[in-house]
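Asks: give me coordinates for this.
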Amino acid sequence: MATNDRREDAPILTISVAAGLAGMHPQTLRQYDRLGLVEPQRTRGRGRRYTLRDVAILREVQRLSQDEGVNLAGIKRIMDLERELARVRAENDRLRSLAEPGHRIFAADATGDVVAVPRGTRVRRVSTTSGGALVLWRPPGR
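Replies: Have a look, this model is predicted:
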């Protein structure tokens, strides 16, 4: 993780500072927290602490609401879909990295995660109810 990434994720901003940076009233941030649009970290005394990434999210919520006319339920759905897309892209990148030369079969392990099986390793085809591996994909011609 780059130094800049850690700084963006450091929960250092109080609600009044985060609200000022986002151009909003602190009560708006409380409402967005209740709706799950932004989820600040909490201090031991339950005070909210925002990150620079949270402020960027708040600005995007404001842009979608004011410039695009999207209601808060729509914004929440958009943000959920964007998080899911990021998760799927990360999983796709992980699988792509497993497909490097030397791997020939993808299989599901006992937990259901997709794993690469090195060349020359045999995978038993077993019913998934018994917790065994199941071949999911084999490159054509191999």
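
Asks: show me what contacts I75?
Replies: Counting by CB atoms under 8 Å, 6 or more residues apart in numbering, I75 touches 37, 61, 64-65. The way it works is simple: take the backbone N, C-alpha and C, and place the C-beta from them, glycine included.

Asks: which residues in this structure form strands?
Replies: Ranges of strands in the chain, per DSSP state E, are 41-42, 48-49, 103-108, 114-118, 134-137.

Asks: helices or strands up against the second one?
Replies: In this case it means strand 48-49. helix 26-35, strand 41-42 (3 or more CB pairs under 8 Å, 6 or more residues apart in numbering; DSSP states H and E).

Asks: any idea which of these is most buried?
Replies: Per residue and on average, the most neighbours among the helices and strands packed on strand 48-49 fall to helix 26-35, with a mean of 15 (mean count of other CB atoms under 10 Å).

Asks: roughly how far is it from the heart of the chain?
Replies: Distance of helix 26-35 from its chain centroid, counting by CA atoms, centre = their mean, to the nearest Å, is 21 Å.
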